[in-house]
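J.: structure of the sequence below:
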Amino acid sequence: MKPVCVLGNGQLGRMLRQAGEPLGIAVYPVGLDAEPEALPIQQSVITAEIERWPETALTRELAKHNAFVNRDIFPRLADRLTQKQLLDKLGLATAPWQLLADAAEWPQVFNTLGELAIVKRRTGGYDGRGQWRLRATDTDSLPADCYGECIVEQGINFSGEVSLVGARGHDGSTVFYPLTHNLHEDGILRTSVAFPDPDAALQKQAETMLSAIMHELKYVGVMAMECFVVPEGLLINELAPRVHNSGHWTQNGASISQFELHLRAILDLPLPKPVVSTPSVMVNLIGTAVNLDWLNQPLVHLHWYEKEVRPGRKVGHLNLSDVSKPALQAAIEALVPQLPAEYASGIAWAVEKLQG
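T.: So this is what the prediction gives:
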């Protein structure tokens, strides 16, 4: 099989490499400053773990590579303006929004969108960075360089957040995992819960939406779609043209992980629907040192990224899966004394989901 070069050498590239090993697929996560001649680029299929990148010797070389899968899609989805325009073109439900071009627009913005405005940088913001929740009295706090470089959305009163992770093959076939329930705190994903038997109506709506997006773009590989749950159904929040944090539970809770599924799709290998037979919980490890006591619990799978621990930085995650919801609940509750205090609310949320 052809080797795969991954543009970006963070944890997603690392996990793609790990997923390729059992299949005999050589996966090379590469930093943006890598020397092109040091890599088997010409013989490889190219993918990426990041949506946007600066111009370097490597990215210039890859920009003309005819096996760079989704190459021209990344910049379109990395810009929230063109991403929102795509959703509007396809008639897919998303929060009312507009481009924020000038401070003089604020009266019209609040008149049109309501009392709470969510401002997002068009590019580059993630994990709560580059985003602001503003009311009419707060607009002076927005940095001046945001105007023309941000969109503004209506603040949505949602009952929950879910994501759908799916994949599309070269032949246009699609497969999906069950919807994942997500808890974000300060804009960062803290905890995910997935069930083998999701709400049928929401699952169907989500699959219809993500299918329409992937078919319109002729996308190949794994894509994630984050949504708000509202009384009318789902509103699309954001798209990620890559493997995604909210799909990490699939490493231990599905017959095929999202990372293997992505490799299968881009290499034109068989793409069966992954089997999910147990509930799963994923706990993100954010700015937290490794604690080997976690491994005393038989349901815990530790995925450690070997990154320097810094506040707000994703350094690993814990996956737990079991056919018994009570056993899974007990296992995650047992983690509370082994984690910093700020994890307690996320674990309590996961327990509530399992009980519901």
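
J.: for the closest residue in space to residue 199 that isn't next to it in sequence, give me its contacts.
T.: In space, and not counting its chain neighbours, residue 199 is closest to residue 179: 7.1 Å by Cβ to Cβ, 6 or more residues apart in numbering. Where C-beta positions appear, they are placed from N, C-alpha and C, glycine not excepted. Contact analysis of residue 179 by Cβ atoms under 8 Å, 6 or more residues apart in numbering lists 162-164, 194, 198-199, 202-203, 206.

J.: what's the answer for residue 167, then?
T.: Listed by Cβ under 8 Å, 6+ apart, the contact partners of residue 167 are 174-176, 221-223, 258, 261-262, 264-265, 271.

J.: which of the contacts of residue 179 fall in strands?
T.: Using DSSP state E, 162-164, 194 are the members of these that sit in strands.

J.: tell me the buried residues within the contacts of residue 167.
T.: 174-176, 221-223, 258, 261-262, 264-265, 271 (16 or more other Cβ atoms under 10 Å).

J.: quick one: the residue nearest to residue 199 and residue 209, what's the gap?
T.: With distances taken as Cβ to Cβ, to the nearest Å, residue 179 is found 12 Å from residue 209.

J.: check residue 87 too.
T.: From residue 87 to residue 209 the distance is 9 Å (Cβ to Cβ).

J.: who touches both of the two?
T.: residue 236.

J.: residues touching residue 285, list them.
T.: 304, 314-318.

J.: repeat the analysis, applying 10 Å as the threshold.
T.: Contacts of residue 285 were listed using Cβ atoms under 10 Å, 6 or more residues apart in numbering, and they are 190, 291, 294, 302-305, 309, 313-318, 339-340, 343.

J.: ok, so of the buried ones among the contacts of residue 167, who is nearest residue 68?
T.: residue 221 (11.6 Å; Cβ to Cβ).

J.: ok, now which residue in the protein is the farthest from the centroid?
T.: The centre of the chain is farthest from one residue, residue 104, which by Cα atoms, centre = their mean lies 34.1 Å away.

J.: just the pLDDT for it.
T.: At residue 104, the model reports a pLDDT of 93.

J.: what of residue 260?
T.: 98.

J.: contacts only, for it.
T.: 15-16, 18-20, 22-23, 25, 222, 243, 250-251, 254, 269, 274.

J.: what subset of those residues is buried?
T.: Buried among those by 16+ other Cβ under 10 Å: 15-16, 19-20, 25, 222, 243, 250-251, 254, 274.

J.: can you map out the helices along the stretch 151-300 of the chain?
T.: Along the stretch 151-300 of the chain, counting by DSSP state H, counting those that start in this stretch, helices occupy 200-217, 250-253, 258-266.

J.: distance to residue 57 added to the ones you listed, as TSV?
T.: Formatted as TSV, the helices of the stretch 151-300 of the chain follow (distance: least, Cβ to Cβ, whole Å):
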stretch	distance to residue 57
helix 200-217	28
helix 250-253	33
helix 258-266	23
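
J.: just name the most buried of those helices.
T.: helix 258-266 (a mean of 26; mean count of other Cβ atoms under 10 Å).

J.: just the CA atoms of that one, as PDB, please.
T.: Taking Å, rounded to 0.1, in the frame of the first residue of the first chain, the C-alpha atoms of helix 258-266 are listed here in PDB:
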ATOM      1  CA  GLN A 258     -11.900   7.300  13.000                       C
ATOM      2  CA  PHE A 259      -8.200   7.300  12.300                       C
ATOM      3  CA  GLU A 260      -8.200   3.900  10.600                       C
ATOM      4  CA  LEU A 261     -11.400   4.900   8.800                       C
ATOM      5  CA  HIS A 262      -9.700   8.000   7.400                       C
ATOM      6  CA  LEU A 263      -6.800   6.000   6.100                       C
ATOM      7  CA  ARG A 264      -9.100   3.500   4.500                       C
ATOM      8  CA  ALA A 265     -11.000   6.300   2.800                       C
ATOM      9  CA  ILE A 266      -8.100   8.200   1.300                       C
END
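
J.: low pLDDT regions in the stretch 51-200 of the chain?
T.: Applying pLDDT under 70 to the stretch 51-200 of the chain flags the ranges 125-128.

J.: show me where it has its strands.
T.: 97-100, 117-121, 131-134, 150-154, 160-168, 174-176, 180-185, 188-194 (DSSP state E, counting those that start in this stretch).

J.: these: which one's closest to residue 30?
T.: Of the strands of the stretch 51-200 of the chain, nearest to residue 30 by Cβ to Cβ is strand 160-168, at 22.5 Å.

J.: report the strands that pair with that closest one, each with its relative direction.
T.: Strand pairing for strand 160-168, using DSSP bridges, gives strand 174-176 (antiparallel), strand 180-185 (antiparallel), strand 221-230 (antiparallel).

J.: mind putting these into a markdown table with distance to residue 72?
T.: Below are these laid out as a markdown table (distance: least, Cβ to Cβ, whole Å):
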| stretch | distance to residue 72 |
| --- | --- |
| strand 174-176 | 20 |
| strand 180-185 | 28 |
| strand 221-230 | 14 |
